[in-house]
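Enquirer: I need the structure of the sequence given here:
(2 chains)
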Amino acid sequence: MSSIAMPRISATDQRESLRPLALAAPLLLLLLFSFGAPIVALLSRAVYEPTIANALPRTVAALRQDSGAGVPGEPVFLALAADLKQAQAAGAVYEFAKTLNTRLPGARSQVLRAARIATQDQATGKEAMIKAAPLLAEEQSWAAIRTGTNRFTSFYLLSAFDLRWTERGTIGAVPADQAVFLRVFGRTFLIATIVTLATLALAFPLAFVITSLRPAIAGIVLVLVLLPFWTSILVRTAAWTVILQKYGLLNDLLLWLGLTSDRLELMYSRTGLIIAMTHIQLPFTLLPIYSVMRSVKPSLVRAAQSLGARPFTAFWRVYLPQVMPGVLAGCLLTFILCLGYYITPVLIGGASDQLISNFIANYVNVELNWEMAAALSFVLLASTLGLYVTLTRYLGLDLFKMG
Amino acid sequence: MLSPYPTTAEWVRVAALWFWCVLVLIFLVVPIFVPVPLSFNSGSFFTFPLAGLSTRWYEVVLGTPRWRAAIGNSLLIGLGATILATVLGTLTAIGLSDPKFPARRFVVPLLISPLIVPVVVTAVGTYLFYARVGLANTYVGIILAHTVLASPFVVVTVGASLTGFDHNLMRATSILGAKPLTGFLRVMLPLILPGVLSGAAFAFVTSFDEVVVVQFLANADQRTLPLEMFTGLREQLSPAITAAATLMMGLSILLLIAANLLARRSRQNASALSE
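Expert: Modelled structure (predicted):
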């Protein structure tokens, strides 16, 4: 009898553990569809780039026959002309020229000219092609075309670190005039660090004072902290654009206090950006610190002092180690969120204060270069998620026990 | 904070600490209220003192077709995302409250991740993917994208109100012959309702304030209030923006105060039950 009952019990068990999962399934499926799939689709653009291979099927085949590494022979040029002619007819030549231009700066106009000539003539050979597109006489152009015909590419991810494959097949730095991204990443990390430290300097003392207030007053102060927390980033950024104007409130205040003798240019400046970001992030740093400080017993510090510790020693050796998890969690949270800032740099930062998110948006909106946007997204996402795992695994921050 | 017999040095330290904290509070609170008086300015500049009081900028925001359409879009998208996020998020929170939920270690961070992934990455990816599946420039697409961003708030607030929920109550309803749906509607939902409503308010505010995803997904007819503000701030600063900012801030603060009062009540409900 027991042998009949056993399977039934395990079947119920399984169904019982599936039911909670079934309740979560609709949201998980939506996340998969409208969050997971988009991110995968975007990131795959960083490594999968079939435009060149699709546009040049004959050239790819001819290059395979051609053994040399440098400028290939007549058959490859004939194949290229035929491919360009077909791409021109299919309307795919602009996309191809743009993609090649990313790898081979200056190629766009020459490729388009070569495609026009290839369309006009019956058979366009090496000489005519090189006349239309002088780039094709150079070895490094063919190196770029050869790597471009590979559908899977490391070009964009390397570019995100200002690196490239050299002609000798090694990885090296791109020419100094093309190196932009390391500087942008450096700037993003620098601004995130400054803002994090600024919020810490402002938040730590305030959180400490709130814990020492009577509950009713502490409640009021906490509402004041949460008020900006609940106001959208856009609204707060709008407020700062008003305050930071040349004839705005902050300049009025600085002049009135006699701290400056002239009106400062705070809009479209890094100072303005850091002030606004510090204001927006302050509650994010403060709340984790406050929630840890609240659980620290003040009697321990008093005990340290009654045992002869000076106030500073008691603070440094007894209080600080206890609140350190909150400090680290708050700082890391603010740092992570700063890495992804987009709105505030657009509206308050100057041209040299644009962060990595702004470059991603720009590659999509202006340059229509999805591959570069995808590669930069990959690096940004990897840094963010890496820090987020640290935050949850090692610091045990529960984002939602804060507010 | 002071010891029973404070020394002068101690007085100075404590006074300096308080002074610093007052400055921090001023820095925290004053900036968000700066647009409020300016929105009632009768002049077109952003400077104090005001030229005079007027509601002309509110008339612009509430009266011109462009701003009205934006407000309408914001409400439509906000309501759609709120309903979806609240229903899906509540179901998920109920599932998660069951101790037998499988692979919780991986599912919970996944559910929270829309808040951590930089919003530009989400927006650009969604734009790319929606173009392939035919959802670009549709209200449905924007609502789904906002549901993703808003759902973590619902999962967390409803989850919090379920922590004190006694699952024996559900067992009792089924022993007494109630179908699971009846048990949910008559016993569980009334108890967690404050948490659900609070999550819904958070979800609405998330969608109502969102601008980056909308910037990528919306066409000219789908522009929302924040997007209108964002473009206005980029192109040319008009005091109408201070009026729009004041309206948005007022709505967010009201809804979130309500949400927090509700959340507090749901925690009290939960602790009252567990006693």
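Enquirer: isn't A:L391 right next to A:P325, touching?
Expert: No. Using Cβ atoms under 8 Å, A:L391 makes no contact with A:P325, being 10.9 Å away. In short, each C-beta sits where N, CA and C put it, glycine included.
Enquirer: Tell me which of these two has more neighbours.
Expert: A:L391 (21 against 16; other Cβ atoms under 10 Å in any protein chain shown).
Enquirer: Can you give me the distance of the more buried one to A:V327?
Expert: 13 Å (Cβ to Cβ, to the nearest Å).
Enquirer: Count the neighbours of B:V108 for me.
Expert: B:V108 has 18 nearby residues by other Cβ under 10 Å.
Enquirer: Pull the contacting residues for it.
Expert: B:L96 (Cβ atoms under 8 Å, 6 or more residues apart in numbering or on different chains).
Enquirer: show me the contacts for the closest residue to B:R13 other than its chain neighbours.
Expert: Take B:R13 and drop its neighbours on the chain: the residue closest to it by Cβ to Cβ, 6 or more residues apart in numbering or on different chains is A:P311, 7.5 Å away. By Cβ under 8 Å, 6+ apart, A:P311 lies in contact with A:Q305, B:E10, B:R13.
Enquirer: any idea of the mean pLDDT for the helix or strand hosting the second one?
Expert: Meaning B:E10. Taking DSSP states H and E as the definition, B:E10 sits inside helix B:8-33. Helix B:8-33 comes out with an average pLDDT of 91.
Enquirer: and the next element down the chain from it?
Expert: helix B:35-39.
Enquirer: which strands and helices sit next to the helix or strand following that following helix?
Expert: Downstream of helix B:35-39, the next assigned helix or strand under DSSP H and E is helix B:56-63. If you count contacts as 3 or more Cβ pairs under 8 Å, 6 or more residues apart in numbering or on different chains; DSSP states H and E, helix B:56-63 packs onto helix B:65-97, helix B:240-274.
Enquirer: Which one of these has the poorest average confidence?
Expert: Looking at the helices and strands packed on helix B:56-63, the bottom one is helix B:240-274 with a mean of 80.
Enquirer: Let me know the angle separating that helix from helix B:56-63.
Expert: Helix B:240-274 and helix B:56-63 are oriented at 70 degrees to each other (axes from the mean of the first three to the mean of the last three Cα atoms, to 10 degrees).
Enquirer: In the stretch 101-250 of chain B, which residue sits closest to chain A?
Expert: B:P118 (2.9 Å; Cβ to the nearest Cβ).
Enquirer: check contacts around that residue.
Expert: Here B:P118 is in contact with A:L339, A:G340, A:Y342, A:S357, A:S377, A:L380, A:L381, A:T384 (Cβ under 8 Å, 6+ apart).
Enquirer: For B:P180, see how far away it is.
Expert: If you go by Cβ to Cβ, the gap between B:P118 and B:P180 works out to 40 Å.
Enquirer: Which pLDDT does the model give the closest residue to A:A143 other than its chain neighbours?
Expert: Leaving aside its sequence neighbours, A:A143 sits nearest to A:E167 (Cβ to Cβ, 6+ apart; 5.6 Å). Note on A:E167: pLDDT of 70.
Enquirer: Am I right that A:E167 is in a helix?
Expert: No. Secondary structure of A:E167 (DSSP: H, G, I helix; E, B strand; the rest coil): coil, not part of a helix.
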